[in-house]
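**Student:** got a sequence here, can you model it:
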Amino acid sequence: QYHPIEIDPKIPMNERVEKMVEWWKAHMDLLIECGLDKTTIKKCIEDTISEDTLCFREGVEDFLSRLKRENVPLVIITSSLGDLIDEFLSQQNKKSDNVHVIGNRFNFDSKGKAINIEKIVHIFNKNEFSTEGLGVHNKLLERKNVILLGDHLGDLGMVDGFPYDDLIKIGFLNENIQGNLEGYKEAYDVVILNDGNFDFVNKLTKELISKKQWGTAP
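**Tutor:** Residues are numbered from 1 along each chain as shown. Reported below is the predicted structural model:
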């Protein structure tokens, strides 16, 4: 019902935003109604990993290891459940001090049962969420170069308000390629098609880190 609306550039943005709020609210309310709790979240991730239905894009693990080794901050802004992302990273041994997740968060009662949701994050309002609530916020402000990775035009708003000097935007276009390609080419510096791997991203980060070590990059 909702996903075709999300990816259709012909539908006016105000209509798409309205439908995204409707979709996410219905989704979250249903999870609460069905008794979602912390134990279920943990079991969900365990099952999806064991069944190989949830995994990193090829090359992402190398990317995460490199950022951790070089102490480069990674901020993940997701319209999914932040609690799920945290659990997935933890179970994959990729949750580290340099990784920070902003996403939909449930409030839980004393028994670990979800009782309500904090402010809803959907694909078109990521620009409304900043890093101010993160303990690393002040350190991030010292970083003036940003690589933005997104798989939706709405992801471009993730960097709104951040005082960067240089920005490289890399977009992953995974579906409705014919209808969205021109818009992605205009919005992103690099476009990777068909659920492509992280080869380009890894090559770029290796090069930037190498230049920094040798004093030839800011």
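**Student:** mind listing what's buried in the lowest-mean-pLDDT helix or strand in the chain?
**Tutor:** Within the chain, no helix or strand scores below helix 137-141, which has a mean of 73 by mean pLDDT, DSSP states H and E. Of the residues in helix 137-141, Leu140 count as buried by neighbour count, 16 or more other C-beta atoms under 10 Å. Every C-beta, even on glycine, is put in place using the N, C-alpha and C of the backbone.
**Student:** continuing past that helix, what's the next helix or strand?
**Tutor:** Once helix 137-141 ends, the next helix or strand along the chain (criterion: DSSP states H and E) is strand 145-150.
**Student:** what's that next one packed up against?
**Tutor:** If you count contacts as 3 or more C-beta pairs under 8 Å, 6 or more residues apart in numbering; DSSP states H and E, strand 145-150 packs onto strand 166-173, helix 199-213.
**Student:** contacts made by it with the rest, please.
**Tutor:** Where contact means C-beta atoms under 8 Å, 6 or more residues apart in numbering, the residues beyond strand 145-150 that reach it are 155-156, 158-159, 162, 164-172, 188, 201, 204-205, 208, 218.
**Student:** for that strand, which positions count as buried?
**Tutor:** 146-150.
**Student:** where are the low-confidence patches of the chain?
**Tutor:** Within the chain, the ranges that satisfy pLDDT under 70 run 127-137, 212-218.
**Student:** tell me where it has strands.
**Tutor:** 74-81, 99-104, 106-108, 114-117, 145-150, 166-173, 190-193 (DSSP state E).
**Student:** so who does Ile177 touch?
**Tutor:** 193-194.
**Student:** state the distance from it to Val159.
**Tutor:** 24 Å (C-beta to C-beta, to the nearest Å).
**Student:** again with Asp47
**Tutor:** For Asp47, the distance to Val159 - C-beta to C-beta - is 34 Å.
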